[in-house]
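Colleague: coords please:
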Amino acid sequence: PGKPKEPEPTYDDYMGRFQELLNDTTGALDLNGFPLVTKKNVAEAMRNSATLLADGRYFTVGWYVYGETVCFITNHNPDIPGWNSYKLQISNVEKAEKAAVDEGVTLGGVYIDNLAGLGSYNYRTDHFAYADLPLLWDADKRLVLPTYSSMYSYAKAIRERCDANNQLILANMVFPERGSAQYVHMVDVPGSEMGPHWGWDPYIQRLRRTMAYRKPWMLLLGHDLDSGSTSASSCPLDIKEDIMKSAVAYGLYANVIGYRVPMTDYESSRPLFRKYTPIVNMEDALGWNPVSWASADKKLGIERFGELKSGPAIFTLYNTLEEEFTGKMTVDLKGLEVSGERMDSLMAFELVGNTPVEITVDKESGVLSYERSLKAKDVSAVIVGTKEEIWSMLFERIKATVERGDKAAEEIPELLSNFADELPSQWEALMAHMKTLSALKDKSAADALAQAKTLVHALTESVPLARAAHEEMLNFKERFEIDILNIYTDALELAAGF
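Modeller: Got it, this is the predicted structure:
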């Protein structure tokens, strides 16, 4: 990584080394720990699949990008005769599958890096016959084969192979605006790297969300967006938070740690994951919708997750302006087919700040509205629904917090206190149980028994609630593996009527 120590070779140097590989008969080439194929096979695949520039030279790149290495940009179309780059890739997958079988396991899927493809046009005319998509003309009216068209053929072949083997596809699609978004439907879990001035502006985020529809999209911060360094370690925390806010706005999963980083980097960024990732989980569970049926006083980024007609929905408002926004957010309930008693029972809760939201519902016009104030690059995620629907979603978030264990004692009371007035009565006893759970392993047996008796008393009027609490207790008993939980579990079992 970084600038190579040696001066960049000439094109003739590249081709000289290329010819050496074509003449090499020394045997297998080891790649990623697997004996792959011969060096000659690799060179033949490069020769047969390499793309050409308009001047007839091979398309090479990478000396200052990948260190003292040069990449030949290839056409991954599997139909190219002889050894080709697709066959080369698949032989690596086959070796990995064989190694997995030898270990008594099976591979769950294939990771493609990078499915976006480098380069733009391939002028190699003997490749035209194998194109699955129409050719184009360049600015000088020369016939060309777009690189992304060849990558489409590659993705299609991988998809068919994975379907036959019951495998998933995870793919790095760095530049979706350059064509790769057109075949995201063949990928189960798309992802993207981000760097300085590319990969996370609102236009690209909207494109990712739209083309992926309800598939999860993963973001990877691979650079310091402030200095341009190829390490995300030095990226300021406020910039990382801006990325997380953008991810919440469009329901994307963001890794702002980077790759190959020390463990200390995980801890410094952990508060951001605690705050924002649970919201993305909720958005992902509800499902993105292409039409928000919502608007704001100014042109801001608005997205909807969920169907408000039959359940809760989250409306995100993302301030893409360079100034603070204060104004009204409106939701067209008629457009969302919400009417009657359901319209009367709606309420709202803001998930980023964990605060209730005061809403106004005009039944005659069928419009729900509320006020929002956002600084530049800030995001709001408001969940709208009935009291029971909203609390059900928040309850799942609290359970995840308790199961995670870290900071649960601090986070849960804060979340509950902001929603206390709206807490359905049937959840109160169970929430008391959940709040004390995280501290239980530090209690003595006598304290645990006292807590159990108190909880049993609170649960006597609700057998279904006790049964739910009992099931939760069994899960935690197995997780913590401490004897005093047996007392707690037995008490809950009595209350549940077992």
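
Colleague: when you work out contacts or count neighbours from here on, use the C-alpha atoms and nothing else.
Modeller: Will do.

Colleague: pLDDT below threshold where in the stretch 201-350 of the chain?
Modeller: Counting by pLDDT under 70, the ranges of the stretch 201-350 of the chain that qualify are 226-230.

Colleague: now the strands: where do they sit in it?
Modeller: 218-221, 253-255, 288-289, 294-296, 301-305, 313-318, 325-332, 347-350 (DSSP state E, counting those that start in this stretch).

Colleague: for those strands, which one ends up most surrounded?
Modeller: Across those, averaging neighbours per residue (mean count of other C-alpha atoms under 10 Å) puts strand 313-318 on top, at a mean of 26.

Colleague: and it with strand 325-332, angle?
Modeller: Counting by axes from the mean of the first three to the mean of the last three C-alpha atoms, to 10 degrees, strand 313-318 lies at 150 degrees to strand 325-332.

Colleague: quickly run through the sheet partners of strand 313-318, with directions.
Modeller: strand 301-305 (antiparallel), strand 379-385 (antiparallel) (DSSP bridges).

Colleague: can you say which of these is nearest to residue 50?
Modeller: Nearest to residue 50, of all these, is strand 301-305, at 41.7 Å by C-alpha to C-alpha.

Colleague: turn the strands paired with strand 313-318 into CSV, including distance to residue 158.
Modeller: Shown next, in CSV, are these (distance: least, C-alpha to C-alpha, whole Å):
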stretch, distance to residue 158
strand 301-305, 31
strand 379-385, 37
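
Colleague: for the ones you listed, which one sits closest to residue 157?
Modeller: strand 301-305 (32.6 Å).

Colleague: give me the contacts around stretch 192-202.
Modeller: Outside stretch 192-202, the residues within contact range by C-alpha atoms under 8 Å, 6 or more residues apart in numbering are 172-175, 205, 217-226, 228, 243, 246, 320.

Colleague: what comes up buried for that stretch?
Modeller: Neighbour-count burial for stretch 192-202, counted by 16 or more other C-alpha atoms under 10 Å, picks out 192-196, 199-200, 202.

Colleague: do the same with stretch 216-236
Modeller: 216-225, 229-235.

Colleague: helices along the stretch 1-150 of the chain, start to end?
Modeller: Under the criterion DSSP state H, counting those that start in this stretch, the stretch 1-150 of the chain contains helices at 11-22, 39-49, 85-102, 147-164.

Colleague: adding distance to residue 73, write the strands of the stretch 201-350 of the chain out as TSV.
Modeller: As requested, those are exported to TSV (distance: least, C-alpha to C-alpha, whole Å):
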stretch	distance to residue 73
strand 218-221	23
strand 253-255	28
strand 288-289	36
strand 294-296	45
strand 301-305	37
strand 313-318	38
strand 325-332	46
strand 347-350	48
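
Colleague: quick one: closest of the ones you listed to residue 380.
Modeller: Per C-alpha to C-alpha, nearest to residue 380 of the strands of the stretch 201-350 of the chain: strand 313-318, 5.1 Å.

Colleague: run through who's touching that closest one.
Modeller: Outside strand 313-318, the residues that reach it (C-alpha under 8 Å, 6+ apart) are 246, 248-250, 283, 286, 292, 300-307, 377-385.

Colleague: where exactly do the helices run in the stretch 151-300 of the chain?
Modeller: 202-212, 237-250, 263-286.

Colleague: would you mind writing the CA trace of the second one as CSV?
Modeller: Provided in CSV are the C-alpha atoms of helix 237-250 (Å, rounded to 0.1, in the frame of the first residue of the first chain):
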residue,chain,number,x,y,z
LEU,A,237,-15.4,10.7,14.9
ASP,A,238,-17.7,13.5,13.8
ILE,A,239,-17.2,12.5,10.2
LYS,A,240,-17.9,8.9,11.0
GLU,A,241,-21.1,10.0,12.7
ASP,A,242,-22.1,11.9,9.6
ILE,A,243,-21.8,8.6,7.7
MET,A,244,-23.9,6.8,10.3
LYS,A,245,-26.6,9.5,10.1
SER,A,246,-26.6,9.1,6.3
ALA,A,247,-27.0,5.3,6.7
VAL,A,248,-30.0,5.8,9.0
ALA,A,249,-31.6,8.1,6.5
TYR,A,250,-31.6,5.5,3.8
